[in-house]
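Novice: pasting the sequence and the predicted model now:
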Amino acid sequence: EPKRNTAFGSVGRRIPYRILHVINQDGESLGNMHRADALKLMDQHNLKLVLLKENVEPPVYRLMTGQQIHEEQLRRAEKKKASPKPGVVQKELSFSSAIAKNDLETKTKQIAQWIDKKYHVKVTIRQAK
């Protein structure tokens, strides 16, 4: 599989579709247009066309600056890191700040067991009324 330089689909002139839905760099929809018109717009504003959604008809492209493309790649990389990896079990435990001592000790033991099993543990503490 060839190494891909971008986190999204085609950037620039490699556009296989004839009709595109184009969004400008400010996020405003410019509507559906022919590929040639979108390329002219791209050249006029010195921007790149980036594929956002391919599974819709017509596919959605956005005009972006190099900086916006870089920021979007970083944002997607962070989102991918944050998502749990397949095969990793995440356990979540939630309790009130007014928890009784015995209950707290029991839940602490449970958390220790999960950590020993190499589970990711998320603890949420709710403030008592």
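Specialist: On my side now, so go ahead.
Novice: where does the record place the domain boundaries for the protein?
Specialist: What the TED database lists as the domains of the chain is 19-82, 90-126.
Novice: mean pLDDT and mean neighbour count for those - can I get that in TSV?
Specialist: For the C-beta atoms, the positions are set from N, CA and C on the backbone; glycine is no exception. Shown next, in TSV, are those (pLDDT from 0 to 100; neighbours: other C-beta atoms under 10 Å):
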stretch	mean pLDDT	mean neighbour count
domain 19-82	86	14
domain 90-126	90	11
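Novice: and the strands in the protein?
Specialist: 19-23, 29-34, 48-53, 60-64, 90-96, 120-126 (DSSP state E).
Novice: so which of the ones you listed comes closest to Gln110?
Specialist: In terms of C-beta to C-beta, the element of the strands of the chain nearest to Gln110 is strand 90-96, at 7.0 Å.
Novice: which outside residues touch stretch 28-35?
Specialist: Outside stretch 28-35, the residues within contact range by C-beta atoms under 8 Å, 6 or more residues apart in numbering are Ile15, Tyr17, Arg18, Ile19, Leu20, His21, Val22, Ile23, Asn24, Leu41, Pro58.
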